[in-house]
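In: Coordinates for the following, if possible.
(one chain, ligands or ions: 1)
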Amino acid sequence: MYLKKLELNGFKSFAQKTELDFKSKISSIVGPNGSGKSNVAESFRFVLGEQSMKNMRGKKGEDLIFSGKNGRSNRGSVKVVFDNRDRTLNIDYDEVVIERIVYRDGNNEYLINGTRVRAKDVLELLTSANIGASGHHIISQGEADKILSISPKERKGVIEEALGLKAFVIKKNESERKLERTDENLKEVRTRERVNAPRIRFLKKEVEKIQRAEELRRELEGLYANFLPGKKEVEERLQRTNLEIEERERARKVLEEKISQKRKDLYESKNSLNSDEQKRAEIEKINGERRRMEEEKNALQKELARNELLMEEERAREQAFLAQKEKVEENLKIYREKRERIKSLIFNKIREYFRGEENLLEELAGEILNFFGIRESGIEKENFDPELIKRKEEENKVLEEKIKNADEILESLSKKIRILNSDSEDAGEVMSREIEIEILKLEKSLGLLNSEISQLNNLKFKLERELENYKREENWALSFFGHDKLNYFLNNDNYNPEMNILEKITRLRILLENTQVGNGEEILKEYEELLERQAFINREIEDLEKTKEELLKLIEEISQKIEVRFREGVEKINREFSAFFSTLFSGGKAEIFLVNVPLKKTDEDEMQEYELGIDLRVSLPNKKISGLSMLSGGERSLTSIALLFAMSSITPPPFIILDETDAALDEANSKRYGDMIEKLAEHSQLILITHNRETMSRAGLLYGVTMDQSGMSKLLSVSFEEGQQYAK
Ligand code: ATP
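Out: Predicted structure coming up:
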């Protein structure tokens with residue numbers, strides 16, 4: 001890279017367009033005091049993006065624009081032209097023109113090859129060529145020993161930049177800022193995660209409750225489907241029982257009337273059987289009675305036979321059921337043995353996994369058997385009615401007694417006819433006795449009937465209780481499962497109630513009532529949404545943690561690189577520094593070194609913190625000095641020059657501008673300084689503002705700056721002889 005040209009227009013004292021061509025490795029700018037030489041150095045700072053007005057000896061932007069006795073410029077501009085064929089500047093142009101313009105309102109414009117850009121873009125472009133913002137390659141007037149007076153931390157910054165590490169430092173700082181932001185984000189996201197967690201835990205429990213309730217509901221549904229259809233049968237049985245009671249009550253009425261009739265007959269029999277006529281009528285009446293009795297007996301016998309038949313059928317069904325039950329139980333036993341074997345097989349193989357998971361294990365074993373088509377078969381519905389057999393047995397006992405009673409009445413009626421036909425004198429008496437016997441028999445029948453009725457009433461009471469249970473559960477099922485489900489329950493023909501089903505229903509119902517939660521759908525929705533959100537947050541945390549890790553790695557890498565290069569650079573600088581120093585002082589020693597500078601400690605700080613800085617120590621030949629403060633002004637500037645030159649020789653900047661850095665040098669040192677400049681010029685272009693003859697003699701090109709009466713600076717090429725008139 002090569003500095004080709006500088007163009008000033010309206011900048012400070014350069015009212016008119018002024019061009020400086022840097023055709024030589026060393027150019028010198030000479031001229032009387034106050035003619036505007038330093039303004040040239042400042043124009044470099046300006047165009048390279050300097051943001052500090054103080055560094056350009058101004059207070060505001062306007063101070064940089066020409067303002068003279070006879071007029072003023074509206075804008076001040078400086079252009080610098082680089083030959084970039086070697087692409088030192090990271091931009092794909094052979095020639096790069098950087099321009100900065102300042103306006104009276106303080107606004108600035110930056111252009112790279114005529115395109116408007118930001119100040120940042122200019123700084124970035126220049127950093128890549130080691131001519132960055134700190135301007136270590138531009139030493140202003142009176143700043144020759146600045147490098148000695150700044151703080152160790154600032155000195156470290158200048159050296160970092162001189163070593164070309166600024167780009168890394170910027171990257172490191174950027175990464176550290178990113179890391180800070182990442183940490184903040186992480187904190188914020190973790191807070192969100194923590195805020196959600198208890199709600200999720202709560203909702204999880206609620207969802208488990210909902211699922212449990214759902215299970216209970218399903219179980220209860222199954223139970224209702226097996227219980228409620230029984231209602232119809234109970235209703236029918238109740239209806240039948242009521243009819244039977246009515247029928248028995250009618251029979252009782254008839255019997256009671258009969259008994260009272262017999263009582264009348266008994267009263268009349270003593271005096272009403274005197275004539276044959278009366279006897280015949282009586283015989284007819286008794287015959288009628290006998291026929292009816294026969295019919296009654298017949299009916300009883302038929303009922304008895306029918307009951308026997310029913311009982312026989314029911315017993316056959318019972319036998320079949322018991323046989324099937326035995327078989328099913330045998331199968332069940334085999335099934336369970338198989339399942340146990342599988343369970344212990346699994347348990348022995350993967351033990352640890354199923355510890356305390358008995359149900360899971362059993363389910364798994366069941367699944368395996370199911371896979372091979374082996375199922376746990378249950379006993380089918382009990383298709384016989386043990387109650388019926390019992391009831392019919394009881395009924396038959398009564399029927400048999402009734403038949404016996406009917407036989408006895410029939411016997412007594414036959415006897416009465418025989419007596420009436422025998423013409424016996426005391427027929428009335430005998431008849432009365434028979435009637436008394438009959439009354440006794442009828443009363444016995446009445447007793448049987450009464451006990452039947454009371455038994456039926458007991459049954460009725462029991463059935464009514466049962467029906468009440470059905471109705472209660474029906475209402476409950478309606479409110480819980482709705483109309484359609486209830487209809488399905490009531491009309492399910494495949495029902496098969498198990499033992500104690502009602503107790504199970506009641507227990508489940510209570511459980512269900514206790515597990516009720518709020519709006520299940522909403523809770524599920526909220527739970528799912530929250531889970532999703534939490535998953536998203538977790539992904540965010542993961543991403544941020546990954547970013548953080550990467551940043552930490554990057555920072556570590558950059559820090560390492562900076563540290564290694566910095567230490568190496570310091571070593572190299574020290575070698576050069578020592579050499580330059582002993583050249584200038586004809587001996588002695590100088591070095592820079594890293595120091596830990598304690599940071600200001602506040603009362604709350606527990607630990608003292610340090611930052612790194614660069615300090616330097618020198619020893620002069622034949623002098624004993626214990627610190628930089630003991631150096632004379634000349635010695636200070638010589639030391640600085642040695643250090644600045646050492647720095648510049650390690651990573652040479654494309655150009656160096658030195659504004660009267662040689663001001664304090666005596667003749668001997670001026671010579672040495674001149675030698676060093678020539679050495680520096682091997683790697684960097686030099687622009688030297690000077691009053692020093694020796695320095696001027698080293699330049700290949702001399703520019704003279706003068707200022708006319710109107711306060712405008714003028715520039716012209718001068719010869720060495722012309723230049724010397726401005727030498728001190
Ligand atoms: P020396 O040899 O004494 O260091 P120099 O040649 O470096 O002097 P400068 O400091 O560059 O001189 O020039 C200072 C001159 O520039 C002053 O006379 C000052 O009035 C003039 N100057 C500074 N800013 C402006 C401006 N905005 N408009 C006009 N003139 C200006």
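In: Ser445: what's it in contact with?
Out: Residues in contact with Ser445 (CB atoms under 8 Å, 6 or more residues apart in numbering) are Leu255, Lys402, Asn405. Where you see a C-beta, it was placed from the backbone N, CA and C, and this is true even at glycine.
In: can you do 6 Å?
Out: Going by CB atoms under 6 Å, 6 or more residues apart in numbering, Ser445 touches Asn405.
In: same thing with Thr651?
Out: The neighbours of Thr651, taking CB under 6 Å, 6+ apart as the test, are Asn130, Leu163, Gly164.
In: swap in Glu109?
Out: Residues near Glu109 by CB under 6 Å, 6+ apart: Ile101.
In: Is it in a helix, a strand, or coil?
Out: Here Glu109 takes the strand state, with states given by DSSP: H, G, I helix; E, B strand; the rest coil.
In: again, but for Ser24
Out: In three-state terms, and counting by three-state DSSP, Ser24 is coil.
In: Return the residues of this structure in contact with the ligand.
Out: Proximity of the chain to the ligand (CB under 6 Å from any ligand atom) is limited to residues 12-13, 31, 33-39, 63, 65-68, 141, 711.
In: what about 5 Å?
Out: Taking CB under 5 Å from any ligand atom as the criterion, the neighbours of the ligand within the chain are Lys12, Ser13, Asn33, Gly34, Ser35, Gly36, Lys37, Ser38, Asn39, Phe66, Ser67.
In: quick one, what contacts the nearest residue to the last one once chain neighbours are set aside?
Out: Just to be clear, that refers to Ser67. Distances taken as CB to CB, 6 or more residues apart in numbering put Ser73 closest to Ser67, at 7.5 Å, once the chain neighbours are dropped. By CB under 6 Å, 6+ apart, the residues touching Ser73 are Gly10, Ile65, Phe66.
In: So what does Ser73 look like in phi/psi?
Out: Recorded main-chain torsions at Ser73 are phi -90, psi 160, according to degrees, to the nearest 10.
In: Glu314 too?
Out: When read as degrees, to the nearest 10, the backbone of Glu314 gives phi -60, psi -40.
In: From Glu233, how far out is it?
Out: Remark: distance between Glu314 and Glu233 (CB to CB, to the nearest Å) = 16 Å.
In: Looking from the ligand, tell me which residue of the stretch 301-450 of the chain is nearest.
Out: In the stretch 301-450 of the chain, the residue that lies nearest the ligand is Tyr353 (87.1 Å; CB to the nearest ligand atom).
In: swap in the stretch 501-650 of the chain?
Out: Nearest to the ligand, among the residues of the stretch 501-650 of the chain, is Ser637, at 15.7 Å (CB to the nearest ligand atom).
In: mind checking how far that residue is from Arg116?
Out: For Ser637, the distance to Arg116 - CB to CB - is 41 Å.
In: Please identify which of those two sits among more neighbours.
Out: More neighbours sit around Ser637 than around the other of Ser637 and Arg116, counting by other CB atoms under 10 Å; the figures are 23 against 10.
In: Leu658 is in contact with Ile139, isn't it?
Out: Yes: between Leu658 and Ile139 there is a contact under CB atoms under 6 Å: 5.1 Å.
In: which one of the two has more residues nearby?
Out: Between Leu658 and Ile139, counting by other CB under 10 Å, Leu658 is the more crowded of the two (28 against 24).
In: Could you look up the SS state of the more buried one?
Out: Leu658 carries the three-state label strand when classified by three-state DSSP.
In: burial count for Asp94?
Out: Around Asp94 there are 10 residues (other CB under 10 Å).
In: My error: substitute Ala162 in the last question.
Out: The number of residues packed around Ala162, counting by other CB under 10 Å, is 27.
In: Asn475 now?
Out: Around Asn475 there are 11 residues (other CB under 10 Å).
In: cool, Ser713 as well?
Out: The tally of other residues near Ser713 (other CB under 10 Å) stands at 24.
In: and it, how far is that from Ile342?
Out: 105 Å.
In: and what of Glu393?
Out: 48 Å.
In: Between the two, which has more neighbouring residues?
Out: Each of Glu393 and Ile342 has its neighbours counted (other CB under 10 Å); Ile342 has more, 18 against 11.
In: Please name the residues that touch the more buried one.
Out: Ala365, Ile368.
In: re the thing from before, can you tell me which of the contacts of Ser73 end up in strands?
Out: When strands are assigned by DSSP state E, not one member of the contacts of Ser73 lies inside them.
In: before we move on, the earlier item: okay if I get the contacts of Thr651 as CSV plus secondary structure, neighbour count and pLDDT?
Out: Conversion of the contacts of Thr651 to CSV gives the following (DSSP: H, G, I helix; E, B strand; the rest coil; neighbours: other CB atoms under 10 Å; pLDDT from 0 to 100):
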residue, secondary structure, neighbour count, pLDDT
Asn130, coil, 23, 77
Leu163, coil, 22, 88
Gly164, coil, 19, 83
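In: Point out where the stretch 201-350 of the chain drops to low pLDDT.
Out: Counting by pLDDT under 70, the low-confidence segments of the stretch 201-350 of the chain come to 270-274.
In: Please identify the helix or strand for the closest residue to the ligand within it.
Out: Among the residues of the stretch 201-350 of the chain, Arg201 lies closest to the ligand, at 72.2 Å counting by CB to the nearest ligand atom. With the criterion set as DSSP states H and E, the secondary-structure element containing Arg201 is helix 166-227.
In: tell me what that helix is packed against?
Out: The criterion is 3 or more CB pairs under 6 Å, 6 or more residues apart in numbering; DSSP states H and E, and the helices and strands that helix 166-227 contacts are helix 427-490, helix 501-514, helix 520-585.
In: Next, the angle from the helix or strand just after that helix to helix 501-514.
Out: From helix 166-227 onward toward the C-terminus, using DSSP H and E, the following helix or strand is helix 230-269. In terms of direction (axes from the mean of the first three to the mean of the last three CA atoms, to 10 degrees), helix 230-269 departs from helix 501-514 by 130 degrees.
In: Buried residues in helix 230-269, which are they?
Out: For helix 230-269, the neighbour count (16 or more other CB atoms under 10 Å) marks 230-231, 234, 237-238, 241, 245, 248, 251-252, 255, 258-259, 262, 265-266, 268-269 as buried.
In: Stretch 659-678 too?
Out: Residues of stretch 659-678 classed as buried under the neighbour-count rule (16+ other CB under 10 Å) are 659-665, 669-670, 672-674, 676-677.
In: And for stretch 387-396?
Out: Neighbour counts over stretch 387-396 (16+ other CB under 10 Å) mark Ile389, Arg391, Lys392, Glu395, Asn396 as buried.
In: and it, average pLDDT?
Out: Per-residue pLDDT values across stretch 387-396 average out to 85.
In: now that stretch, how far from the centre of its chain.
Out: Its chain's C-alpha centre and that of stretch 387-396 lie 70 Å apart, by CA atoms, centre = their mean, to the nearest Å.
In: Touching it from outside, list them.
Out: Surrounding stretch 387-396, the residues in contact under the criterion CB under 6 Å, 6+ apart are Leu304, Asn307, Leu310, Met311, Glu314.
In: Quick check: the two most widely separated of those residues?
Out: By the measure CB to CB, Leu304 and Glu314 form the most distant pair in these, at 15.6 Å.
In: Tell me which residue is most central in this protein.
Out: Computing the C-alpha centroid of the chain and ranking residues by CA atoms, centre = their mean puts Gln534 first, at 1.4 Å.
In: and that residue, what does it touch?
Out: With contact taken as CB under 6 Å, 6+ apart, Gln534 is in contact with Asn196.
In: how much space between it and Lys204?
Out: Computed with CB to CB, the distance linking Gln534 and Lys204 is 11 Å.
In: Quick one: neighbours of Gly704, just the number.
Out: Residues near Gly704, counting by other CB under 10 Å, number 21.
In: In terms of helices and strands, where is the residue of the stretch 301-450 of the chain closest to the ligand?
Out: helix 351-354.
In: Check which helices and strands the helix or strand that comes right after that helix sits against.
Out: Toward the C-terminal end, the helix or strand that comes next after helix 351-354 (DSSP H and E) is helix 358-371. Contact analysis of helix 358-371 by 3+ CB pairs under 6 Å, 6+ apart lists helix 276-349 as its packing neighbours.
In: Right, I'll call it a day here.
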